[in-house]
Structure formats: C-alpha cells, structure tokens
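>>> when you get a sec, could you give me coordinates for this:
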Amino acid sequence: MQGPYDRRMLLSGPATIKKFDAELISEAMSYLRPDNFRMTIWYGTEYKVEKIPEDFLAEMREAFASKNWLAELHFLHRNEFILTRLEVEKRDVGQPTKAPKLIRHDDNVRVWWKKDDQFWVPKAHVHIYFRTPIASVTPRTTLLCTLYCELVNDALAGCLYDAGYSGLMYNFTNHIGGLLIDVSGYNGKLDVFLGKILLQVRDLEVSEDRFQIIRDQMLRYLRNSEYEQPSDMIGSYSEQFKSEKSVMNEDLVPELENVTARDVQQFFPQILAQCHVEVLALGNLYKEEALEITDLVERIVKPRGLPANQVPTPRGLIWPSGSNFIYKKQLKDPGNVNHCIEYSLYVGHRYDSIMRAKLLLLGQMTDEPCFHQLRTIEQLGYVYLEGRIENFLNTFEQTLNDMSEEDFESHKRAMINKRLAKLESLSSEANRFWNHIYSDSYDFLQAGVDAATLEKLTKKDVVDFYSHYISTSSSQRSKLSVHLLAQAKANESSLGEKKTAAAAAFKIILAEHKIAANDEAFQTRTEDASSNEAASDAVASYLTDNLRIEKGVANKVLDEAKAELGVADSGLRAAPQALDVSQPVLIENVHAWKASMQVSSAVRPVRNLEGFLEVTPKL
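Numbers count the residues shown, from 1 in each chain. This next block holds a predicted model:
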C-alpha cells in the first residue's frame with residue numbers, strides 16, 4: 001500500500017517486474033565485484049572496523065575471474081510443476097449438486113467424480129484408496145505398512161520441494177483398510193505430481209541407511225508416546241474398546257525392534273499386487289480427466305482385483321445393555337501428576353439417522369453447560385473425575401426435564417443450522433465426500449437427512465432417549481470409562497490454603513446461583529475447622545443457617561465447592577467381579593474382554609451404488 005501502484009496491482013506490484021531493461025540489469029550486475037563490497041561478521045559481540053585481508057580479496061578475485069564455478073552455485077533447476085493454465089469454466093448450475101457421480105464401477109475400480117460447481121477455483125482434490133486386508137492383519141503387518149509409507153515419504157522429499165512451491169500437496173498414509181494417497185492443489189500439473197508419487201510408491205528401494213534413520217525415529221516416537229500428556233494418550237486406549245481390530249503403540253515396539261529393511265522391501269509389493277482401488281476426483285476436472293487419473297493409477301501400479309468378500313469391513317464392538325466397565329492403566333511417566341478419564345456411553349449404530357439426530361441435538365444442548373459446570377465453576381481443568389461427570393449427567397437430566405419448549409426449539413434450530421451450513425471451500429467439500437466414501441456408507445446427503453430428522457424431534461423424544469441411554473439411574477445404559485492413573489501425587493495444600501481457596505470458590509459459585517455471600521459469617525464458621533470434614537460441616541451450616549438456603553440447593557453448592565477444591569467424590573470403586581449391573585466391572589484382560597463382546601454389523605451403503613450413476617447432471 002506504500003508503493004505507487006495501480007489499484008489493480010496492489011498484490012502483484014511489489015513482486016512482479018513488468019519491464020525488461022537489459023542495460024539496467026547489466027549496470028546493477030557490474031557493481032557485484034570483489035573490490036566493491038563490505039564484509040560484516042556480527043554475532044552479538046563487540047567488533048571493530050578494519051580493512052579486508054588482502055589474501056582473502058585475492059582469493060575472491062581469482063574465483064570471480066574463473067570460469068570453473070562451484071557446482072553448488074547454480075540457478076534453480078526448472079520446476080516441472082509450474083502451472084501452464086489457470087482456466088476455470090464457470091457455468092450457471094443453479095444449486096450445487098450434493099453428491100459426486102459414480103463414473104466407473106467394476107470389480108477392480110470404483111471412481112467418484114464431481115466437477116466443481118460452487119467455488120470456481122483452478123484446483124482439485126484426488127483421493128485414492130488401495131483397499132486390502134493385508135494392511136492390518138497383525139501388529140507386524142501394520143508396522144511394515146507404516147514403515148513403508150514413511151520411507152516413501154522420505155524418498156519423495158526432494159520432489160515435494162518443487163511441488164510445494166507450485167501449490168501442490170500430498171499425503172501417503174496407511175489405514176486399517178489399506179493405503180491412502182491424497183493429492184490436492186492446482187489441477188494443471190496435478191496428474192504429473194501424482195505420477196511421480198505413484199512411481200515412488202511402486203519402485204521404492206529401501207536403503208539400509210535411510211531405513212535405520214526412519215526406524216530409529218519411529219522407535220523414539222513410540223517410546224516417547226508413553227510420556228505424553230494423558231489427555232493426548234487416552235483416545236487410543238479408549239478406541240480399543242470400541243473397535244473389533246485395534247493396534248496399540250505398545251504392540252508395535254517389540255515388532256519394530258526386530259524388523260529389517262529387507263522385510264519392508266519384500267512386504268510392500270504384496271499390498272500393491274492385489275487390492276481394490278477407489279478414487280474420488282473433485283474440483284476443476286472434467287469427467288475424462290478423472291478417468292485418465294484412474295488409468296494412470298492402474299497403468300503404474302498394475303494391481304489385480306480383490307474379490308468383494310476380501311475387501312476389509314471394519315466393525316465395532318457392542319457393549320451389553322446395562323453394562324458398566326472401567327479400565328485402569330498406570331502411566332509410565334513418574335513425574336506426571338495428572339490423571340485422565342474418558343467416559344463413553346454406547347447408544348447404537350451411528351448410521352441410524354434417528355439415533356444420530358438425537359445425539360446431535362443432545363450434544364448441542366450439553367456442550368456449553370458441561371464446559372461451564374466442570375471447567376468454569378468446578379475448575380477441574382481438562383481432566384474430569386468420574387464422579388463429577390456422573391454428577392453433571394444427573395444435574396443435566398433435571399435441566400432437560402425442566403427445559404421450556406422455546407429453549408428446546410432454539411437448540412433444535414441451532415443444530416439444524418449447523419448441519420445445513422454452507423461449505424466454505426473445495427477442501428471442506430472434498431473432506432465431506434471422502435469421509436462418506438472411506439466409511440463405506442456413501443451417505444452424501446447425510447447433513448440434509450439429519451436436518452430433516454431433527455425437525456421432527458420433540459422434547460419427549462430427547463427426554464426418553466436421555467433417560468434410557470444416558471441417565472445414571474438407567475438399568476439399560478451401556479457405559480465404559482478409561483482411567484489413566486498418575487504415579488506421582490500433586491503437593492497437598494494446607495488446611496489454611498484450602499480455606500482461602502474455599503472462600504474464593506464460594507463467591508463464584510454463589511454468584512452463579514444468584515445468592516449473596518456473607519464473608520464475615522463464612523470466616524466465623526470456618527476459622528476453627530481443623531480438618532476437611534469439619535470444614536465441610538462448617539460450610540454446610542453457613543449455607544443453611546447464615547444464608548438460609550434451602551437444603552437441596554445448599555447440598556448442590558457444597559458439592560460444587562468440594563469439586564473445585566479436589567475433595568469431592570471421585571467416582572465409583574470398581575470390582576473385578578460383579579453380578580449387579582449397577583456396579584462397575586474392572587477390565588483386567590483387554591483381549592479376553594473383547595472376545596466376550598458381540599460385534600456390530602459392517603457399515604453398508606445407504607443405497608445401491610448403481611443408483612449414484614445418475615445422481616448429477618453432466619457438466
């Protein structure tokens with residue numbers, strides 16, 4: 001904005017040279033001589049000004065006159081990914097189509113395509129999924145797949161430099177169902193970039209030195225993962241109780257210690273030899289270009305088709321009705337003082353549209369009050385005790401029962417608006433489509449279905465749902481919590497410090513309940529208390545006798561204060577054996593527990609895939 005640029009050149013003005021002046025360029029270059037410079041060495045220390053040593057100048061003059069330049073000094077090589085076209089054919093299509101079109105569907109390949117009809121940018125996203133059961137048969141095959149992907153990414157590092165400067169990006173990763181390549185950016189050279197990636201995927205040569213570097217990096221990562229923050233670790237521990245197949249980091253370490261470069265070199269061709277390929281091509285691409293990209297994949301990789309009954313179909317675990325499980329694991333980090341819990345309730349299949357709508361609405365209703373209660377009022381941080389979670393669930397059940405129809409409809413409308421919110425970018429559309437393809441549901445219209453289902457829900461529907469699946473008093477709910485337990489303990493506060501903290505806590509909590517505090521009465525009641533129990537009794541008397549608060553409200557305020565001070569109920573004790581379903585059962589052997597669980601049905605397409613062949617009009 002400070003330069004004298006035409007308004008049409010505000011962005012390009014400082015960066016684009018618009019006039020070629022050979023004489024001016026030559027004049028500028030003539031000043032770059034060994035006798036026309038100053039050398040400055042500055043390292044944050046004292047310095048002095050002196051003449052440049054003559055022997056150094058002589059060395060420079062000799063190098064300047066020589067025609068034998070250092071090989072390291074050269075112009076950049078030609079970047080083959082630089083764009084040659086940025087055209088976008090924009091057409092008036094009315095409403096954007098909400099699903100990609102299935103343009104090829106056979107035993108070997110399935111191709112989904114959508115021409116961009118709302119963002120009009122010269123970009124595209126291509127996802128390629130090589131589905132194969134080999135990728136996750138055992139922890140060893142999972143590890144070999146991971147090493148293979150890391151070695152391919154390492155070998156592509158040089159190519160990525162040029163591609164990145166040209167606005168192209170990629171990702172090559174392994175998943176439980178196979179291998180996944182994602183390529184995105186300007187579509188003009190996207191096929192060239194993809195070709196380079198596919199060749200490296202097919203022709204990887206596993207060198208011993210690079211293998212050792214990648215292996216050591218992975219080994220350090222796996223070992224260090226045991227010392228991460230508990231809140232970052234708990235998701236993987238919880239996931240093993242929800243999925244039929246799961247591999248933990250601790251399962252990979254012994255395998256990694258015994259794998260060799262030769263193992264990887266011999267393994268990865270087996271993955272590519274036979275697999276089912278699924279492609280999503282979205283953006284500034286025509287149908288023919290999407291098919292050409294698929295042909296490129298087949299021509300380079302040359303995979304044989306995988307029988308339909310061999311395509312991986314991930315399944316979940318079904319927790320029994322009325323179950324209450326707890327899994328405990330002690331953290332390895334001796335210096336960590338933070339516990340962590342993940343509290344999960346099983347309600348059914350996530351592709352049940354009515355069940356999903358109820359969960360969406362319940363999430364909308366509980367998001368703010370849950371954070372407000374556990375984080376703002378009780379100030380438990382991001383690691384909540386099980387007893388406090390159950391206390392919140394009990395409290396919110398009453399909140400839900402007392403909720404007015406007006407507030408209920410307001411929550412409903414907010415959730416509907418979220419589901420119908422306009423996509424913000426081509427990337428967000430690609431991610432939405434790919435999530436439905438990757439999950440095997442092909443439920444591209446899910447957001448609209450959710451909005452329509454939400455519209456029909458009544459308060460009674462949600463109240464009944466809550467009382468059956470969520471309420472702690474329900475004999476039908478299925479619950480499992482994972483506890484990561486710290487070895488160390490935080491420093492215990494003195495009783496005086498606790499009293500001071502309690503006074504501050506009560507001001508916040510009483511204000512939240514719109515109750516005026518009496519600091520002098522609080523001080524008088526608690527000054528002689530010599531234990532936690534005595535302090536609790538004194539505070540209870542302060543609430544009921546001094547403030548004249550109804551006993552039920554007083555108990556709630558006291559409970560919240562105890563939680564903030566860390567002396568509240570921390571949850572139920574787990575017994576290794578329990579016949580009463582209301583009592584928690586401790587999971588001691590994960591493998592045996594998983595073997596005792598029923599397995600869900602696999603996710604199936606919401607409708608016959610052939611029906612997608614005519615979903616979108618030709619562009």
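>>> skip ahead from the lowest-mean-pLDDT helix or strand in the chain and say which helix or strand is next.
Across the helices and strands of the chain, mean pLDDT, DSSP states H and E gives its lowest value to helix 551-565, namely a mean of 65. Using DSSP states H and E, the helix or strand that follows helix 551-565 in sequence is strand 585-586.
>>> mind showing which ranges of the stretch 251-400 of the chain have poor pLDDT?
Scanning the stretch 251-400 of the chain for pLDDT under 70 picks out the ranges 375-384.
>>> quick one, helices of it?
Under the criterion DSSP state H, counting those that start in this stretch, the stretch 251-400 of the chain contains helices at 261-273, 287-301, 353-371, 386-402.
>>> residues of the first one that come out buried?
Along helix 261-273, the positions that meet the burial threshold by neighbour count (16 or more other CB atoms under 10 Å) are Ala261, Asp263, Val264, Gln265, Phe267, Phe268, Ile271, Leu272. Glycine gets a C-beta too; all of them are placed from N, C-alpha and C.
>>> repeat for the second one
Within helix 287-301, the residues that qualify as buried by neighbour count (16+ other CB under 10 Å) are Lys287, Glu289, Ala290, Leu291, Ile293, Thr294, Leu296, Val297, Ile300, Val301.
>>> show me what it is packed against.
strand 101-105, strand 109-115, strand 123-131, helix 190-203, strand 276-283 (3 or more CB pairs under 8 Å, 6 or more residues apart in numbering; DSSP states H and E).
>>> closest one to Lys328 among the ones you listed?
strand 123-131 (36.5 Å; CB to CB).
>>> now for whichever helix or strand comes after that closest one, which elements pack on it?
Using DSSP H and E, the helix or strand that follows strand 123-131 in sequence is helix 139-155. Contact partners of helix 139-155 among helices and strands, from 3+ CB pairs under 8 Å, 6+ apart: strand 168-175, helix 190-203, helix 208-224, helix 249-256, helix 261-273.
>>> let me see the mean pLDDT of the next helix or strand after the longest one.
Downstream of helix 208-224, the next assigned helix or strand under DSSP H and E is helix 230-239. For helix 230-239, the mean pLDDT works out to 93.
>>> and for stretch 163-178?
Here the average pLDDT along stretch 163-178 is 94.
>>> check which residues of it are buried.
Ala163, Ser166, Gly167, Leu168, Tyr170, Phe172, Asn174, His175, Ile176, Gly177, Gly178.
>>> now stretch 243-259
Ser243, Ser246, Val247, Asn249, Asp251, Leu252, Val253, Glu255, Leu256, Val259.
>>> likewise for stretch 45-64?
So, applying 16+ other CB under 10 Å, buried residues of stretch 45-64: Met60.
>>> residues in contact with it?
For stretch 45-64, contacts defined as CB atoms under 8 Å, 6 or more residues apart in numbering pick out Arg33, Pro34, Asp35, Met39, Ile41.
>>> now with 6 Å, please.
Pro34, Met39 (CB atoms under 6 Å, 6 or more residues apart in numbering).
>>> pull the CA atoms of that stretch into PDB?
C-alpha atoms of stretch 45-64 as PDB (Å, rounded to 0.1, in the frame of the first residue of the first chain):
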ATOM      1  CA  THR A  45      29.600  -9.400  20.400                       C
ATOM      2  CA  GLU A  46      31.900  -6.400  20.300                       C
ATOM      3  CA  TYR A  47      33.500  -5.800  16.900                       C
ATOM      4  CA  LYS A  48      36.000  -3.400  15.200                       C
ATOM      5  CA  VAL A  49      36.200  -2.000  11.600                       C
ATOM      6  CA  GLU A  50      39.300  -2.900   9.600                       C
ATOM      7  CA  LYS A  51      40.400  -3.500   6.100                       C
ATOM      8  CA  ILE A  52      39.600  -6.800   4.500                       C
ATOM      9  CA  PRO A  53      42.600  -9.100   4.400                       C
ATOM     10  CA  GLU A  54      44.500  -8.900   1.100                       C
ATOM     11  CA  ASP A  55      44.800 -12.600   0.800                       C
ATOM     12  CA  PHE A  56      41.000 -13.000   1.100                       C
ATOM     13  CA  LEU A  57      40.500 -10.400  -1.600                       C
ATOM     14  CA  ALA A  58      43.000 -12.100  -3.900                       C
ATOM     15  CA  GLU A  59      41.100 -15.400  -3.400                       C
ATOM     16  CA  MET A  60      37.900 -13.700  -4.400                       C
ATOM     17  CA  ARG A  61      39.300 -12.000  -7.500                       C
ATOM     18  CA  GLU A  62      40.600 -15.400  -8.700                       C
ATOM     19  CA  ALA A  63      37.300 -17.000  -8.100                       C
ATOM     20  CA  PHE A  64      35.500 -14.100  -9.900                       C
END
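>>> quick one: it to chain centroid distance?
Distance of stretch 45-64 from the chain centroid (CA atoms, centre = their mean, to the nearest Å) equals 54 Å.
>>> stretch 15-31 too?
Distance, centroid of stretch 15-31 to centroid of chain: 49 Å (CA atoms, centre = their mean).
>>> same check, this time on stretch 458-476
30 Å.
>>> turn the helices and strands packed on helix 287-301 into CSV, including distance to Arg350 and mean neighbour count.
Converted to CSV, the helices and strands packed on helix 287-301 look like this (distance: least, CB to CB, whole Å; neighbours: other CB atoms under 10 Å):
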stretch, distance to Arg350, mean neighbour count
strand 101-105, 23, 18
strand 109-115, 22, 24
strand 123-131, 20, 24
helix 190-203, 32, 18
strand 276-283, 21, 24
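>>> I'd like the ones you listed written out as TSV, with distance to Gly235 added.
Shown next, in TSV, are these (distance: least, CB to CB, whole Å):
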stretch	distance to Gly235
strand 101-105	34
strand 109-115	30
strand 123-131	23
helix 190-203	29
strand 276-283	27
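>>> of all the ones you listed, which one is nearest Val599?
Judging those by CB to CB, what sits closest to Val599 is strand 123-131, at 19.7 Å.
>>> hang on, the earlier thing: would you turn the helices of the stretch 251-400 of the chain into a markdown table with distance to Ala516?
Shown next, in a markdown table, are these (distance: least, CB to CB, whole Å):
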| stretch | distance to Ala516 |
| --- | --- |
| helix 261-273 | 69 |
| helix 287-301 | 68 |
| helix 353-371 | 24 |
| helix 386-402 | 23 |
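>>> nearest approach to Ser481 belongs to which of the ones you listed?
Nearest of the helices of the stretch 251-400 of the chain (CB to CB): helix 386-402, 5.8 Å.
>>> next structured bit after that closest one?
helix 405-419.
>>> where's Asn336 relative to Ser231, distance?
Asn336 is 11 Å from Ser231, where distance means CB to CB, to the nearest Å.
>>> settle it for me: which of these two has more neighbours?
More neighbours surround Asn336 than the other of Asn336 and Ser231, with 18 against 15 (other CB atoms under 10 Å).
>>> what about the closest residue to that one other than its chain neighbours, how many neighbours?
Nearest non-adjacent residue to Asn336, counting by CB to CB, 6 or more residues apart in numbering: Ala486, 5.0 Å away. Around Ala486 sit 18 other residues, with neighbours defined as other CB under 10 Å.
>>> and for Glu550?
Glu550: 10 neighbours (other CB under 10 Å).
>>> where does it land on pLDDT?
In this model, Glu550 is scored at 77, pLDDT.
>>> next up, phi/psi of it, please.
As for Glu550, its main-chain torsions (degrees, to the nearest 10) stand at phi -60, psi 140.
>>> tell me the spacing between it and Leu400.
22 Å.
>>> what's the answer for Glu527, then?
Glu527 is 41 Å from Leu400, by CB to CB.
>>> beta partners of Ile128?
Ile181, Val279 (DSSP bridges).
>>> contacting residues around it?
By CB under 6 Å, 6+ apart, the neighbours of Ile128 are Ile181, Val279, Val297.
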